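Chemist: sequence unavailable; structure follows:
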């Protein structure tokens with residue numbers, strides 16, 4: 001096979017797959033945004049007030065920047081699910097969908113008439129993906145929480161920040177994305193493959209707490225072996241001179257020189273070759289090595305040091321702000337209507353630029369396209385349940 005015969009267009013394996021998205025905020029909408037990038041049709045069902053993420057700060061052209069980013073490429077159905085006509089339309093959408101994604105507290109979708117028995121009877125091929133903090137069963141099933149809470153319960157938040165200090169909120173919503181969105185995508189893709197073989201759907205119970213614990217494989221495996229490290233003192237959390245962030249005269253750099261030859265190159269370039277044989281120093285000796293590096297780096301700015309390290313094998317990068325990073329990420333960031341639309345980079349081109357729908361935009365057309373019963377759609381429209 002010649003190289004030119006390989007596909008080089010957008011990766012769209014989910015073309016023809018319909019996803020009913022009842023989720024809100026970040027984990028579920030980012031999950032379905034990834035499915036949209038892979039070609040699926042996403043019908044996002046919102047309350048008449050819309051997904052709360054629509055209304056957070058900052059706003060760009062009347063929509064929150066975050067909502068625009070995680071909901072691009074979808075159609076919106078503004079539906080009053082308290083009305084019987086709204087619930088009828090919701091069940092009809094579930095009949096026509098391949099996948100249903102929801103992130104309500106345990107038991108809420110059952111109260112909407114979408115209990116597992118009903119869904120299995122009405123659409124046995126449906127894949128139901130539920131995202132919750134603590135799972136569908138057990139004493140914490142209805143416990144409320146957000147990203148920071150799930151990280152705390154998973155044992156990961158304690159490792160964030162300097163030793164002896166109160167943990168620092170991670171900038172990235174690790175539990176939401178790595179504990180919810182990505183396991184959800186993986187589970188759905190696996191369930192679709194299984195459905196190809198069996199003809200049946202299944203329920204995916206994604207606990208953000210249990211899933212994000214997998215991101216802490218290093219810390220948790222160490223703990224299981226009886227080696228407990230305080231926050232900021234682990235091999236990869238700041239305890240080693242060769243693997244941590246350092247201040248310069250005006251900014252910070254990230255050093256990841258785990259291999260001794262990288263650390264030796266780094267020490268040579270900063271004028272401290274005497275430290276080259278101490279990449280893994282700990283305790284008092286490690287603190288002396290860190291202090292020596294800090295003193296050396298204080299002589300120049302972040303960008304000056306970036307120039308010094310350019311082209312050298314040192315595993316050093318400048319610590320960029322989000323605004324600075326955007327300038328170098330244009331290949332995986334689309335810009336539409338003044339908004340940054342970030343996609344999941346899977347090694348193939350992103351699909352053509354799209355934007356997030358306004359509340360209710362494209363919803364009726366999407367319902368008609370997937371074959372929703374015209375009488376049910378009209379009843380929802382006439383009653384005011386469909387806005």
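Modeler: Received the coordinates, thanks. Keep in mind that what you see is a predicted model, and the values were worked out from it rather than measured. Numbers count the residues shown, from 1 in each chain.

Chemist: need the helices for the stretch 251-387 of the chain, in chain order.
Modeler: 260-269, 283-297, 302-309, 322-328, 363-369, 374-383 (DSSP state H, counting those that start in this stretch).

Chemist: who wins for proximity to residue 234 among those helices?
Modeler: Shortest distance between residue 234 and the helices of the stretch 251-387 of the chain, using CB to CB, is found for helix 283-297: 12.5 Å. All C-beta spots, glycine's among them, are computed from the backbone N, C-alpha and C.

Chemist: report all helices and strands that that closest one contacts.
Modeler: strand 243-247 (3 or more CB pairs under 8 Å, 6 or more residues apart in numbering; DSSP states H and E).

Chemist: now for the strand it packs on, which elements pack on it?
Modeler: strand 252-256, helix 283-297.

Chemist: quick one on the thing from earlier: deepest of the helices of the stretch 251-387 of the chain, which one?
Modeler: Most buried of the helices of the stretch 251-387 of the chain, by mean neighbour count (mean count of other CB atoms under 10 Å): helix 260-269, with a mean of 19.

Chemist: report the distance from it to the chain centre.
Modeler: 35 Å (CA atoms, centre = their mean, to the nearest Å).

Chemist: same question for stretch 195-214.
Modeler: Remark: stretch 195-214 is offset 17 Å from the chain centroid, using CA atoms, centre = their mean.

Chemist: show me the contacts for residue 120.
Modeler: 126, 201 (CB atoms under 8 Å, 6 or more residues apart in numbering).

Chemist: in the helix or strand it falls within, what counts as buried?
Modeler: For residue 120, the enclosing helix or strand under DSSP states H and E is helix 116-122. Residues 119, 120 are the ones in helix 116-122 that count as buried (16 or more other CB atoms under 10 Å).

Chemist: right, and the helix or strand after it?
Modeler: strand 127-132.

Chemist: run through who's touching that following strand.
Modeler: So strand 127-132 is contacted by 23, 27-28, 31, 98-103, 105-106, 109, 116, 119, 136, 141, 180, 184, 187-188, 191-192, 195, 201-208 (CB under 8 Å, 6+ apart).

Chemist: these in helices, which ones?
Modeler: Here DSSP state H is the test, and the contacts of strand 127-132 give 27-28, 31, 109, 116, 119, 184, 187-188, 191-192, 195, 208 as lying in helices.

Chemist: quickly name whichever of the residues you listed is closest to residue 79.
Modeler: When those are ranked by distance to residue 79 (CB to CB), residue 109 comes first, at 13.6 Å.

Chemist: what distance do you get for residue 365 to residue 377?
Modeler: Distance of residue 365 to residue 377, given as CB to CB, to the nearest Å: 11 Å.

Chemist: which residues touch stretch 303-315?
Modeler: 248-249, 251, 253, 255-259, 261-262, 265-266, 269-270, 297, 300, 316, 318.

Chemist: how long is that stretch from one end to the other?
Modeler: 15 Å (CA to CA, to the nearest Å).

Chemist: so which residue is dead centre in the protein?
Modeler: Centroid check for the chain by CA atoms, centre = their mean gives residue 177 as the closest residue, at 2.7 Å.

Chemist: got the buried residues for stretch 91-108?
Modeler: Result for stretch 91-108 [16+ other CB under 10 Å]: buried residues 91-104, 106.

Chemist: and if you look at stretch 170-181?
Modeler: For stretch 170-181, burial by neighbour count (16+ other CB under 10 Å) applies to 173, 174, 175, 176, 177, 178, 179, 180, 181.

Chemist: count of neighbours near residue 31?
Modeler: Counted with other CB atoms under 10 Å, the neighbours of residue 31 add up to 30.

Chemist: do the same with the one 5 residues further on
Modeler: The local packing of residue 36 (other CB under 10 Å) involves 25 other residues.

Chemist: tell me the contacts of it?
Modeler: Residue 36 neighbours (CB under 8 Å, 6+ apart): 19, 42, 72, 73, 74, 354.

Chemist: host element of it?
Modeler: Element membership for residue 36, per DSSP H and E: helix 27-37.

Chemist: got the angle for that helix vs strand 127-132?
Modeler: Interaxial angle, helix 27-37 versus strand 127-132 (axes from the mean of the first three to the mean of the last three CA atoms, to 10 degrees): 140 degrees.

Chemist: need the contact list for the closest residue in space to residue 33 that isn't next to it in sequence.
Modeler: Nearest-residue entry for residue 33: residue 70, 5.0 Å, with adjacent residues in sequence omitted and distances by CB to CB, 6 or more residues apart in numbering. By CB under 8 Å, 6+ apart, the residues touching residue 70 are 26, 29, 30, 33, 53, 356.
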